[in-house]
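Visitor: output the structure for:
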Amino acid sequence: ARFLLANLNGFDPAKDMVKPEEMVVLVRWAVGCAKAAQEDILKAYEAYDFHEVVQRLMRFCSVEMGSFYLDIIKDRQYTATTA
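Guide: Have a look, this model is predicted:
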C-alpha cells in the first residue's frame, strides 16, 4: 500500500486519468482485479462475512498486487520521469 500511495502524489483525476481503452493490458488487468475485489468485498460485507472481507483484501494486496503487478511495474515506476 505504501508503494501505491507514494505514487499518487500530485495525481489529478481531471487531467491525469487515462481512459480504459488507452491503458496498457497490464494496467487494465490490475483495474479489473481491483473491481473484482471490490465486488467480492461488498458482497462479503452485506453477508456480514468479515473474515472473507479481510481474506479477500489481503489476497488482493499481497498476491494480485504485491506479488505480481507491483513486482512487474517497480522498475518502470523508479525510472519514469514525471511530467
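Visitor: put the alpha carbons of the helix or strand of the chain with the lowest mean pLDDT into PDB.
Guide: The weakest-scoring helix or strand in the chain, judged by mean pLDDT, DSSP states H and E, is helix 2-6 (a mean of 73). Below are the C-alpha coordinates for helix 2-6, written out as PDB (Å, rounded to 0.1, in the frame of the first residue of the first chain):
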ATOM      1  CA  ARG A   2       2.900   2.400   0.800                       C
ATOM      2  CA  PHE A   3       4.300   2.000  -2.700                       C
ATOM      3  CA  LEU A   4       0.900   2.700  -4.300                       C
ATOM      4  CA  LEU A   5       0.200   5.700  -2.100                       C
ATOM      5  CA  ALA A   6       3.700   7.200  -2.700                       C
END
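Visitor: what's the first helix or strand after that helix?
Guide: Remark: after helix 2-6, the chain's next helix or strand is helix 13-16, criterion DSSP states H and E.
Visitor: from the chain's centroid, how far away is that next one?
Guide: Remark: helix 13-16 is offset 17 Å from the chain centroid, using C-alpha atoms, centre = their mean, to the nearest Å.
Visitor: buried residues in it?
Guide: Using 16 or more other C-beta atoms under 10 Å as the test for burial, helix 13-16 gives no buried residues. C-betas here are computed from N, CA, C, even on glycine.
Visitor: name the helices or strands packed onto that helix?
Guide: Helix 13-16 is packed against no helix or strand, with contacts defined by 3 or more C-beta pairs under 8 Å, 6 or more residues apart in numbering; DSSP states H and E.
Visitor: what helices or strands is whichever helix or strand comes after it leaning on?
Guide: Using DSSP H and E, the helix or strand that follows helix 13-16 in sequence is helix 25-46. On a contact count with 3+ C-beta pairs under 8 Å, 6+ apart, helix 25-46 meets helix 50-58.
Visitor: the helix it packs on - what's its average pLDDT?
Guide: Averaged over helix 50-58, pLDDT sits at 97.
Visitor: low-confidence stretches in the chain?
Guide: Scanning the chain for pLDDT under 70 picks out the ranges 1, 80-83.
Visitor: all set, thanks.
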